[in-house]
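Chemist: okay, sequence plus prediction incoming.
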Amino acid sequence: MTIKVVLVDDHAVLRSGLESLLAGEDDLEVVGTAADGAEALDVVRRTRPDVVLMDLQMPGTDGVTATRHLVAEGGVDVLVLTSFSDADRIVAALDAGAVGYLLKDADPDEVIEGVRAVSRGESPLHPRAARQLLGARRSRPEVDLTPREIEVLVLVRQGLANKQIARRLGISERTVKAHLTSVFARIGVADRTQAALWAERTGLGES
């Protein structure tokens, strides 16, 4: 059985190198390449691969956003191949639905075996990424939000502005701002976008 692969990376030289690497394996076939996340969506819809090898930082639509869209559409597994090993990016990629996370300094054989592992239903993780992920899980403090703060944060996650949140909860806009200031401090973020991402990662507001 041939494993069909799409390569997504904004560096043409790297795409070409990966294509040559995978083409040397009898059970792997590169059916398409893309230079950014938006192009990746088009290529995947057209070629229907088994595995997408996805970079994270690209102009336009980044790898995390593209992964979220591809996973939502179904039918393909995403394996991240990136230079970044910080915990936030790893968590964001896995939360978006990626099934594995490899680093670009991995040996060529590790990349090949990673693609095969994904096709078998496994989740390959680069050892450094695995350590970062475990460290992040251990060091993440328990956050004690009040019921009202949780309500506000859930609505922030849904994309509501402060005025809309105030109307929904029957409180003043100033009170909403006060709750958000408290929430930002408690969960360790600087703005509402980061707070919304935190709420999404932790599943806040999901039934």
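Modeler: Received the coordinates, thanks.
Chemist: quick check: residue 191 touching residue 181?
Modeler: No: contact criterion C-beta atoms under 8 Å: residue 191 and residue 181 do not qualify, at 11.2 Å. To be clear about C-beta, it is placed using only N, CA and C from the backbone, and glycine gets the same treatment.
Chemist: dump the residue contacts of the residue nearest to residue 62 when sequence neighbours are not counted.
Modeler: Excluding its sequence neighbours, the residue lying closest to residue 62 (C-beta to C-beta, 6 or more residues apart in numbering) is residue 37, at 5.8 Å. Applying C-beta atoms under 8 Å, 6 or more residues apart in numbering to residue 37 gives the contacts 8, 58, 60, 61, 62, 63, 65, 66, 69.
Chemist: ok, residue 5 next?
Modeler: 22, 28, 29, 30, 31, 49, 50, 51, 52, 53, 115.
Chemist: which parts of whichever helix or strand it is part of are buried?
Modeler: For residue 5, the host element (DSSP states H and E) is strand 3-8. Neighbour-count burial for strand 3-8 flags 3, 4, 5, 6, 7, 8 (criterion: 16 or more other C-beta atoms under 10 Å).
Chemist: show me the shaky parts of the chain.
Modeler: 133-142, 205-207 (pLDDT under 70).
Chemist: so it: which segments form each domain?
Modeler: 3-138, 147-202 (automatic domain parsing).
Chemist: tell me which of these sits most buried.
Modeler: domain 3-138 (a mean of 18; mean count of other C-beta atoms under 10 Å).
Chemist: residue contacts, the closest residue to residue 155 other than its chain neighbours?
Modeler: Leaving aside its chain neighbours, residue 155 sits nearest to residue 165 (4.7 Å; criterion: C-beta to C-beta, 6+ apart). When contacts are counted by C-beta under 8 Å, 6+ apart, residue 165 touches 152, 155, 156, 176.
Chemist: how about the secondary structure of residue 165?
Modeler: The three-state label given to residue 165 by DSSP: H, G, I helix; E, B strand; the rest coil is helix.
Chemist: for residue 192, see how far away it is.
Modeler: Using C-beta to C-beta, to the nearest Å, residue 165 is found at 10 Å from residue 192.
Chemist: common neighbours of the two, please.
Modeler: With C-beta under 8 Å, 6+ apart as the test, residue 165 and residue 192 both reach residue 156.
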